[in-house]
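Novice: Please find the sequence and the predicted model below.
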Amino acid sequence: MASAATYTPIATQTLGSSASSVTFSSIPSTYTDLVLVANAGISTTGAILAVFNSDTGTNYSYTRVYGNGTAATSDRFTNQPAMDLGYFSTSLGNISITHFMNYSNTSTYKTTLTRWNTTSYTTAEVGLWRNTSAITTIVINGSFGYNLIAGSTFTLYGIAAA
Amino acid sequence: MANPTMTLIASNTVGSGGASSIDFTSIPSTYTDLIIKVSARTTRSLFYDNLTMTFNNISSGYQTLRLTDNQSSGTSSDNLTGLSYFYVGEIDGGNATSNTFSNIEIYVPNYTSNNLKSVSDDNVMENNSSQVYIGLHAHLWNYSGNPAINRITFASDSGSSFVQYSTFTLYGISNS
């Protein structure tokens, strides 16, 4: 019988002061999926983004369905230079939970599922990175050079299917 | 290597007499995040009920922002502020299809911090009828001092009891 699938912490980072980015490098290929949990804020309200394996080519796309307290809406972005992880406010009351499916497979493009919440939005999002490489590095930063604020936490977990 | 960590803290299955509330007390502060998985139904004499959640037995400072799809009324979003509890979703009531229980997963990051407490949950109520509900919810608890969470309580806003076999399971996740 296979052991139960579970969360195994790979690395965690808590910002003691604001920073332009957070990097998870040398991600082991020994898990089936990854989960990135961010409880963070940004210096100016805006998107937080992730770049995989230093690829800043226009190889990312994502589609979102969200509620803003008034209406339910969907939008879509193609040929982007980074993966969207959320549209965060300047407080620490934002969450982003991203599942990276089959991240170490070297035959398939990589898909993500993200749930992110702020005091203004609740969102479900699907993402695609058109690259067959295993994900070994994830760099998280704010759009337009906005900083990630002090107290932000980012934890990367591995989930093994067996 | 760090140890695998999605650790069962406590589980509560409602017995034959039903339960008016579910209370997780003395939650240890040794984890980083919490996950709660719920399968529930109440005795309310309608198709649905609303599941509520409070922290630390405190009844103020709650906000719930919802994105919902209801088969009978369509897709919508609203933002509920100044609440005395979180609305963590619709669950089956007594008039829903027999033996159906709604499912909810709740994620509470950094529950021991002194920051604002933000919470995410996903909720489904499927019962092979027109009374279907899908919910994506964002919650914020903004309470004086932003205390660490040491108690989580579930109830229904109608005051109806949870029926037998409703389950509430609390897990801890550690980042080291």
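Specialist: Yes, it's here. Numbering: from 1, shown residues only, chains lettered A, B, ... in the order given.

Novice: can you list the residues of chain B near chain A?
Specialist: Counting by Cβ under 8 Å from any Cβ of the partner chain, the positions of chain B adjacent to chain A are B:1-6, B:32-33, B:63, B:65-69, B:75-79, B:107, B:109-110, B:115-120, B:122, B:136-140, B:142, B:173-176. For every residue, glycine as well, the C-beta is placed using N, CA and C.

Novice: what's the neighbour count on B:Thr13?
Specialist: Residues lying near B:Thr13 (other Cβ atoms under 10 Å in any protein chain shown) number 14.

Novice: The nearest residue to it once chain neighbours are set aside and chain A: what is the separation?
Specialist: Nearest non-adjacent residue to B:Thr13, counting by Cβ to Cβ, 6 or more residues apart in numbering or on different chains: B:Thr167, 4.8 Å away. Distance from B:Thr167 to chain A, counting by Cβ to the nearest Cβ, to the nearest Å: 17 Å.

Novice: B:Thr167 contacts B:Ala40, correct?
Specialist: Yes - contact criterion Cβ atoms under 8 Å: B:Thr167 and B:Ala40 qualify, at 7.4 Å.

Novice: Looking at the two, which one has more neighbours?
Specialist: Shown here are B:Thr167 and B:Ala40; by other Cβ under 10 Å, B:Ala40 has more neighbours (25 against 15).

Novice: Report the beta-bridge partners for that one.
Specialist: B:Ala40 has these beta-bridge partners by DSSP bridges: B:Ser102.

Novice: which ones are touching A:Ser20?
Specialist: Counting by Cβ atoms under 8 Å, 6 or more residues apart in numbering or on different chains, A:Ser20 touches A:Asn141, A:Gly142, A:Gly145, A:Asn147, A:Leu148.

Novice: let's see 7 Å
Specialist: The contact partners of A:Ser20, by Cβ atoms under 7 Å, 6 or more residues apart in numbering or on different chains, come to A:Asn141, A:Gly145, A:Asn147.

Novice: what does B:Met53 give?
Specialist: B:Tyr85, B:Phe86, B:Val88, B:Ile152, B:Thr153, B:Phe154.

Novice: how about 6 Å then?
Specialist: B:Phe86, B:Val88, B:Phe154 (Cβ atoms under 6 Å, 6 or more residues apart in numbering or on different chains).
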